[in-house]
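Trainee: The following comprises the amino acid sequence and a computationally predicted model.
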Amino acid sequence: MMMLDVSRPVAAIFDRPLSDALLRSVERFYYAEARLLDAEDYAGWLGMIDPDIRYWMPGMETRRRDDRRGTFAYGEMAYFDDDYRLLQIRVARYDEPSAWADNPATRHAHLISNIEAFETGDETLVAGFSAFTNVRNRNLKDQDVIHGRREDILRRHPDGTLKLALRRVLIVQDVLLSKNLNTFF
């Protein structure tokens, strides 16, 4: 099994795109995931997650092009750096009476595009790339729009299902003006 490391790029260059049939499976995975998240079916979403998941969303920094650190670095600020247990805790929180930030419920729209998928050299793992827009609306006036891209590793199981094993969420905003981040990307 390939060791997954969120601090390293999923890949620099891919020259082995998936077959059209497997690419279609990846697209279906992403669209089903968006539908579950929009419906706040977080238990269903957790069913699409590999128990060895690493879910990381670094804070972005504006740096000069010649700064070798780039716009983010592992070990610096992160909005999320979750494993499966932490994702379960975040999901369980929605059912707690004290989750007042989610009552009334937030309305979500996850728009997924620019889907690409490639072989990784390990037949059980697929590299997936996508762009997203996450629109969240609460109450009368609270609306957030977050744009970004995702670099994923999906694990192929013997029964043909795909499970999310690694996700790196790279947003375009340096500063999030959202009052909270009670969402998944």
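Mentor: Perfect, I can see it now.

Trainee: Neighbouring strands of the helix or strand bottoming out on mean pLDDT in the chain in the sheet, and parallel or not?
Mentor: When each helix and strand of the chain is scored by mean pLDDT, DSSP states H and E, strand 78-82 comes last, with a mean of 89. The pairing partners recorded for strand 78-82 under DSSP bridges are strand 49-58 (antiparallel).

Trainee: Please compute how far the least confident helix or strand of the chain lies from its chain's middle.
Mentor: Centroid displacement of strand 78-82 relative to its chain, using C-alpha atoms, centre = their mean, to the nearest Å, is 11 Å.

Trainee: I'd like the next helix or strand past that strand.
Mentor: Next in sequence after strand 78-82, counting helices and strands by DSSP states H and E, comes helix 84-93.

Trainee: In that next one, which residues are buried?
Mentor: By 16 or more other C-beta atoms under 10 Å, the buried positions in helix 84-93 come out as Leu87, Arg90, Val91. Where C-beta positions appear, they are placed from N, C-alpha and C, glycine not excepted.

Trainee: Show residues contacting stretch 122-130.
Mentor: If you take C-beta atoms under 8 Å, 6 or more residues apart in numbering as the criterion, stretch 122-130 is touched by 1-2, 10-11, 14, 18, 22, 26, 29-30, 112-120, 149-156, 162, 165.

Trainee: Correction: the previous question concerned stretch 47-56.
Mentor: Identification of contacts with stretch 47-56 by C-beta under 8 Å, 6+ apart yields 4, 6, 29, 32-33, 36, 74, 78, 80-84, 86-87, 155, 162-169.

Trainee: Could you rerun that using 6 Å?
Mentor: Identification of contacts with stretch 47-56 by C-beta atoms under 6 Å, 6 or more residues apart in numbering yields 6, 33, 80-82, 84, 155, 163-168.

Trainee: Please tabulate those residues in JSON lines and include distance to Asn134 as additional columns.
Mentor: Putting the contacts of stretch 47-56 into JSON lines (distance: C-beta to C-beta, whole Å) gives the following:
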{"residue": "Val6", "distance to Asn134": "20"}
{"residue": "Glu33", "distance to Asn134": "12"}
{"residue": "Phe80", "distance to Asn134": "13"}
{"residue": "Asp81", "distance to Asn134": "19"}
{"residue": "Asp82", "distance to Asn134": "17"}
{"residue": "Tyr84", "distance to Asn134": "21"}
{"residue": "Arg155", "distance to Asn134": "24"}
{"residue": "Lys163", "distance to Asn134": "21"}
{"residue": "Leu164", "distance to Asn134": "16"}
{"residue": "Ala165", "distance to Asn134": "21"}
{"residue": "Leu166", "distance to Asn134": "19"}
{"residue": "Arg167", "distance to Asn134": "13"}
{"residue": "Arg168", "distance to Asn134": "15"}
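
Trainee: Which of these are buried? Put it as a PyMOL command.
Mentor: Buried subset of those, written as a PyMOL selection, criterion 16+ other C-beta under 10 Å:
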select buried, resi 6+33+80+82+155+163+164+165+166+167+168
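
Trainee: Perfect, I'm done here.
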